[in-house]
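Peer 1: A structural model of the following input is requested.
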Amino acid sequence: MGMITDGDIRRILEKHDDIGQLTAEDLMSKSPISVNKELLAVKAFELMTNNKISQIIVIDDNKSYEGIVHILDFIKEGLN
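Peer 2: A predicted model of the protein is given here:
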């Protein structure tokens, strides 16, 4: 399980001329940062800012996927 971000794609394009044979596993971040869905939005925003990431995975108490939040979602809601 992992996550592919625009940054992952940019980095792989810098390293490879031909990406035609690469798989999703070749591109993905294998240990992406995640937050529990009950975490306050301001705390998730701080975590993303401190780690210089633009997306974060949201999980529930059972570590099941709930969704993804992009940093622009926070800005759109006035949190910056």
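
Peer 1: drop to CA atoms for contacts and neighbour counts, all remaining ones
Peer 2: Fine.

Peer 1: buried residues in stretch 44-63?
Peer 2: 44-45, 47-48, 53-59 (16 or more other CA atoms under 10 Å).

Peer 1: what separates that stretch from the chain centre, distance-wise?
Peer 2: Offset of stretch 44-63 from its chain centre (CA atoms, centre = their mean, to the nearest Å): 7 Å.

Peer 1: for it, how far is the first residue from the last?
Peer 2: With CA to CA, to the nearest Å as the measure, stretch 44-63 spans 16 Å from end to end.

Peer 1: and if you look at stretch 64-77?
Peer 2: The first residue of stretch 64-77 is 25 Å away from its last residue (CA to CA).

Peer 1: next one: stretch 23-37
Peer 2: Counting by CA to CA, you get 30 Å between the two ends of stretch 23-37.

Peer 1: ok, now stretch 27-44?
Peer 2: End-to-end for stretch 27-44, by CA to CA: 24 Å.

Peer 1: per-residue pLDDT, the residue most central in space within the chain?
Peer 2: The residue lying closest to the centre of the chain (CA atoms, centre = their mean) is Gln55, at 3.4 Å. Note on Gln55: pLDDT of 92.

Peer 1: cool, Arg10 as well?
Peer 2: At Arg10, pLDDT is 88.

Peer 1: cool, Asp61 as well?
Peer 2: Note on Asp61: pLDDT of 92.

Peer 1: Any idea how many residues pack against Ser34?
Peer 2: Ser34: 19 surrounding residues under other CA atoms under 10 Å.

Peer 1: distance of it from Glu14?
Peer 2: 27 Å.

Peer 1: before we move on, what about Asp61?
Peer 2: 38 Å.

Peer 1: what does Ser54 give?
Peer 2: Distance of Ser54 to Glu14, computed by CA to CA: 20 Å.

Peer 1: Same question for Ile68.
Peer 2: 26 Å.

Peer 1: Next: His70.
Peer 2: 24 Å.
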